[in-house]
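Colleague: need a 3D model of the following:
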Amino acid sequence: MRNVIGKVVFAALAAAWFTAGAAAQQELDFLTDLSEYQRIKQTLPNYLKARAQALLAERKGDVEALSTPEQVAERRTYIRAAIERAVGGFPQRTPLNARTVGMIERDGYKIEKVIFESQRSFYVTANLYLPTSGSGPYPAVLYPLGHERGGKSHDTWQRMLITLAKTGYVALAWDPIGQGERSQLYDVDFKSRKLVRSTTEHSVMGVQCLLTGDNVARYTIWDGIRALDYLLSRPEVDASRVACTGNSGGGTHTAYLSALDDRISVAAPSCYLTGWGRLLETIGPQDAEQVLLPWIGAGLDHADFAIAFAPKPYLVLSAVRDFFSIVGARSTFQEARKVYGVFGAEDKIAMSEVDRGHGYHQPNRLAAYDWFARWLKDARYSGGEPETEVLEFEDLACTDTGQVATSLGGETVQTLNQSRLEGFNPALPRVTKPGDLAAFRDAILERAARLSGFERPTEVAAAERYGVIERSGYRIEKLVYRTEPGILIPALLFVPSSGPQRKQAIVYVHGDGKSAEAEPGGDIEWFVQQGAAVLAIDARGMGETSVFDERNGSDFPRYFGDYDSAMTSFLIGKSLVAMRAADVLAGVDLLASRDDVDPSRIFGVGRGTGAPPLLYAAALDDRLKRVALEEMLVSYRAVVDQRIHRNVLESVVVGALREYDLPDLIASVAPRPVQLVNAADPLGVRLWLSAAQEAYRGPAATYAAAGAGKALQVVRREAEASPESVYGDFLGAR
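Modeller: Sure, this is the predicted structure:
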């Protein structure tokens, strides 16, 4: 009985503690329950969508103005150049070294197992389906694949490829990176991908590519171009009659390849084409190779893929209940059809819909067969699909182990991307004496501002007040300020009850939000007890303004944080880290405007994903007189060098590694004091102190050359250690 009573008492105490804790948290995260701020979490997405929609509206006017074939040709040239810029340019053609490693013979067709190299030692596993009746040369179909399991062995792909071969086409399908036999992150012990989903693997590699100014589509598109090279090298193929079709990710690459390569004469992308306006309102940006950057900022949309193909035959295949919006697909089709009308070629673009979900369903497969027959054979297709024998993965495998990684080795996207990086020379000015510092700083700031899309705050940081919390020795003012139209920043201002009239102040940016260290006994209270006013902020997309990704079953939040907002910012030519830096500087404006703050003594503390925005802010504005960065990503280069990373996407600047790295930004702050605490690797794991010191040798040398060697400190903070252990001298003399 005593146990029962004890359990009841414990449960009551736990409930009271939880209720009290929740109430305290609610006091600190104070906007959520205010009626006018019920949609505060949508602030960042709505802001990004509004900017994107404005750009898309401007683009729509440009497309509607196309009225001559010459204007369309000019836009085609622009579209192709934009794709090439987005992927960082394509590799040089190297020998394919193609070889057939196996053969499967069936009634009416045969399958060759082929391995070729799209780049030197970058192996591609493929299946070539060939007719065994009739006489060649035959028309051909290039068949890029979607993200379904099994790669080229997926049953739907086999049914379609066999049908094509039996009806007189040569068809080629190959495993995309991260799928089938081409896992780029393969665990030899568990004999499986390290990451559950191919789309996650694509995007992990995609983030690494973004840092070098490329897109992972550089590798997937080039695989497709080289697959076409191989297909057209076959004597059985009529090079003047080539179609391209695929579903989902295969639809993406059908759109890409057809827009880029004149050798493709008929296109039929399935379950991909929609429109960025609808994408942003529905499922958001998809995995990295489907997000060419800055596509919207460059004045482009999905319809431009079809426009670049005009006036050649183009069939849009869609599913009414697809997660790719059917409304967007229909609008894109109508826009592209008007451009085809410039050539008098409305009959060469068509759309087929099926009332199903995502997939290359039989009605659309039949529509594709008919479209190919019409334009490649001057005939019509009236048959169904023949009986097919669906083979297993190992039957169609080209390698002995079913994985290139364990059978052939060779290059991976990561190693190729690293090689790309070695070819770049940032050519930053050297700092060997204090007089060199200005040129170095100017170079870094120009590059950081340009590449990140940084915009200084446009609104006066006047704050709206939402109450005060009184605590022993200080008060907390609950504030909201605006960085720019549409961006609200919730903040907590901790003000000591005593001390000088004008106090030193800190802008505090924690990746988990303003309340993360705001409870009694937390780091913020320690700084306040030292006499500093502390403005803890929820930079856009953090704390109360963060968006939880609710995509069912998605592991994207675990690896990428707010993937949608980060990618949307890139699409419009901006970056989250730069926008959050503007939020920090608006906070500096707010502090500097107060009568109780000394504007000459405003400092900054950033932690976790809050540290990079603070670093950018300090580099771009010297009003932050000293900075502490705790648990910050050690460098962008580390992301490229480490196979897997987590939660770095929100800190990425596209192409940064071509021109600078995070340690260079730190060096640009010299001679102002910077404290680097518990630098973290790309998985968020604390580096050993010796490794952190090695990683920051460059900034240390710059500080030393500037005569401020002691102003840069690389230190370790033990678990549960008080702020005093590392920040004892941070505030300096009062």
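Colleague: please enumerate the strands of the stretch 551-700 of the chain.
Modeller: Ranges of strands in the stretch 551-700 of the chain, per DSSP state E, counting those that start in this stretch, are 597-607, 624-630, 674-677.
Colleague: dump the ones you listed to CSV, plus mean neighbour count.
Modeller: C-beta: built from backbone N, CA, C; applies to glycine. Converted to CSV, those look like this (neighbours: other CB atoms under 10 Å):
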stretch, mean neighbour count
strand 597-607, 22
strand 624-630, 23
strand 674-677, 24
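Colleague: could those be laid out in TSV, adding distance to Ile326 and mean pLDDT?
Modeller: Listed next are these as TSV, based on distance: least, CB to CB, whole Å; pLDDT from 0 to 100:
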stretch	distance to Ile326	mean pLDDT
strand 597-607	44	98
strand 624-630	47	98
strand 674-677	51	98
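Colleague: those into TSV, with extra columns for distance to Gly61?
Modeller: Shown next, in TSV, are those (distance: least, CB to CB, whole Å):
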stretch	distance to Gly61
strand 597-607	42
strand 624-630	42
strand 674-677	47
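Colleague: for Leu48, see how far away the residue nearest in space to the middle of the chain is.
Modeller: With distances taken as CA atoms, centre = their mean, Met567 lies nearest the centre of the chain, 4.7 Å away. Relative to Leu48, Met567 is positioned 10 Å away (CB to CB, to the nearest Å).
Colleague: and Ser419, by the same measure?
Modeller: From Ser419 to Leu48 the distance is 34 Å (CB to CB).
Colleague: got it, and Ala86?
Modeller: 19 Å.
Colleague: what does Leu161 give?
Modeller: For Leu161 relative to Leu48 (CB to CB), the value is 40 Å.
Colleague: tell me which of Ser419 and Leu48 has more neighbours.
Modeller: Applying other CB atoms under 10 Å to Ser419 and Leu48 shows that Leu48 carries more neighbours, namely 25 against 12.
Colleague: how about that one, what does it touch?
Modeller: Leu280, Ser565, Thr568, Ser569, Ile572 (CB atoms under 8 Å, 6 or more residues apart in numbering).
Colleague: and the gap between the fourth one and Pro673?
Modeller: Note on Ser569: its distance to Pro673, by CB to CB, is 31 Å.
Colleague: higher neighbour count, the two?
Modeller: Each of Ser569 and Pro673 has its neighbours counted (other CB under 10 Å); Ser569 has more, 31 against 20.
Colleague: any idea of the pLDDT on that one?
Modeller: You'll see Ser569 listed with a pLDDT of 98.
Colleague: quick check: it touching Leu576?
Modeller: Yes: with contact defined as CB atoms under 8 Å, Ser569 counts as touching Leu576 (5.2 Å).
Colleague: walk me through the domains of the chain.
Modeller: 69-420, 434-720 (automatic domain parsing).
Colleague: just to revisit the earlier point, distance of the residue nearest to the centre of the chain relative to Gln290?
Modeller: 10 Å.
Colleague: contacting residues for the residue nearest to the centre of the chain?
Modeller: Applying CB under 8 Å, 6+ apart to Met567 gives the contacts Gly284, Pro285, Val291, Leu649.
Colleague: ok, now Thr200?
Modeller: By CB under 8 Å, 6+ apart, the neighbours of Thr200 are Asp287, Asp555, Phe556, Tyr559.
Colleague: by pLDDT, give me the weakest of those residues.
Modeller: Asp555 (85).
Colleague: state the distance from the residue lying closest to that residue once chain neighbours are set aside to Gly206.
Modeller: Once flanking residues are discounted, Asp555 sits nearest to Thr200: 5.5 Å by CB to CB, 6 or more residues apart in numbering. Here Thr200 is placed at a distance of 10 Å from Gly206 (CB to CB).
Colleague: where does pLDDT dip in this structure?
Modeller: Where the chain drops to pLDDT under 70, the residues are 1-26, 460-461, 548-553, 733-734.
Colleague: please identify which of the strands of the stretch 551-700 of the chain is closest to Arg430.
Modeller: Between Arg430 and the strands of the stretch 551-700 of the chain, the tightest spacing by CB to CB is seen for strand 674-677, at 19.9 Å.
Colleague: elements contacting the closest one?
Modeller: For strand 674-677, the packing partners by 3 or more CB pairs under 8 Å, 6 or more residues apart in numbering; DSSP states H and E come out as strand 624-630, strand 712-715, helix 724-727.
Colleague: now the first one against strand 597-607, angle please.
Modeller: With axes from the mean of the first three to the mean of the last three CA atoms, to 10 degrees as the basis, strand 624-630 and strand 597-607 are set at 20 degrees to each other.
Colleague: who does strand 624-630 pair up with?
Modeller: With DSSP bridges as the test, strand 624-630 is paired with strand 597-607 (parallel), strand 674-677 (parallel).
Colleague: the ones you listed into TSV, with extra columns for distance to Ala505?
Modeller: Output for the strands paired with strand 624-630, formatted as TSV (distance: least, CB to CB, whole Å):
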stretch	distance to Ala505
strand 597-607	5
strand 674-677	17
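Colleague: minimum distance to Leu145: which of those has it?
Modeller: Closest among the strands paired with strand 624-630, using CB to CB: strand 597-607, at 42.6 Å.
Colleague: sorry, back to before: and the strands of the stretch 551-700 of the chain: which comes nearest Trp276?
Modeller: Using CB to CB, the nearest of those to Trp276 is strand 597-607, at 32.3 Å.
Colleague: dump the C-alpha coordinates for that closest one into PDB.
Modeller: In PDB, the C-alpha atoms belonging to strand 597-607 read as follows (Å, rounded to 0.1, in the frame of the first residue of the first chain):
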ATOM      1  CA  VAL A 597      23.200  50.300 -22.900                       C
ATOM      2  CA  ASP A 598      26.800  51.400 -23.700                       C
ATOM      3  CA  PRO A 599      26.800  51.200 -27.500                       C
ATOM      4  CA  SER A 600      30.600  50.900 -27.500                       C
ATOM      5  CA  ARG A 601      30.500  47.700 -25.500                       C
ATOM      6  CA  ILE A 602      28.100  45.400 -27.300                       C
ATOM      7  CA  PHE A 603      29.300  41.800 -27.500                       C
ATOM      8  CA  GLY A 604      28.000  38.600 -29.100                       C
ATOM      9  CA  VAL A 605      27.600  35.000 -27.900                       C
ATOM     10  CA  GLY A 606      26.500  32.300 -30.300                       C
ATOM     11  CA  ARG A 607      25.900  28.600 -29.600                       C
END
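Colleague: excluding chain neighbours, what is closest to Leu493?
Modeller: Closest residue to Leu493 apart from its sequence neighbours, by CB to CB, 6+ apart: Glu477 at 4.3 Å.
Colleague: my bad, Met542
Modeller: Here the residue nearest Met542, using CB to CB, 6+ apart, is Gly513, at 5.2 Å.
Colleague: surely that neighbour and Ile524 touch.
Modeller: No: contact criterion CB under 8 Å: Gly513 and Ile524 do not qualify, at 12.0 Å.
Colleague: the two: which is more packed in?
Modeller: Ile524 (28 against 23).
Colleague: in the stretch 301-450 of the chain, which spans are helices?
Modeller: Secondary structure of the stretch 301-450 of the chain by DSSP state H, counting those that start in this stretch: the helices cover 303-307, 326-342, 362-376, 393-396, 404-407, 413-422, 437-452.
Colleague: just the stretch 151-300 of the chain next, same as before
Modeller: Under DSSP H, counting those that start in this stretch, the stretch 151-300 of the chain gives helices at 155-166, 198-211, 217-233, 249-260, 276-281.
Colleague: residue contacts, Ala259?
Modeller: Ile79, Arg80, Ile83, Asp304, Phe305, Ala308, Phe309.
Colleague: and the nearest residue to the last one once chain neighbours are set aside, how many residues sit next to it?
Modeller: This points to Phe309. Leaving out its chain neighbours, the residue that sits closest to Phe309 by CB to CB, 6+ apart is Ser258, at 5.0 Å. By other CB under 10 Å, the residues close to Ser258 number 26.
Colleague: cool, and Leu164?
Modeller: The tally of other residues near Leu164 (other CB under 10 Å) stands at 26.
Colleague: quick one on the thing from earlier: show me which of the contacts of Leu48 are buried.
Modeller: Leu280, Ser565, Thr568, Ser569, Ile572 (16 or more other CB atoms under 10 Å).
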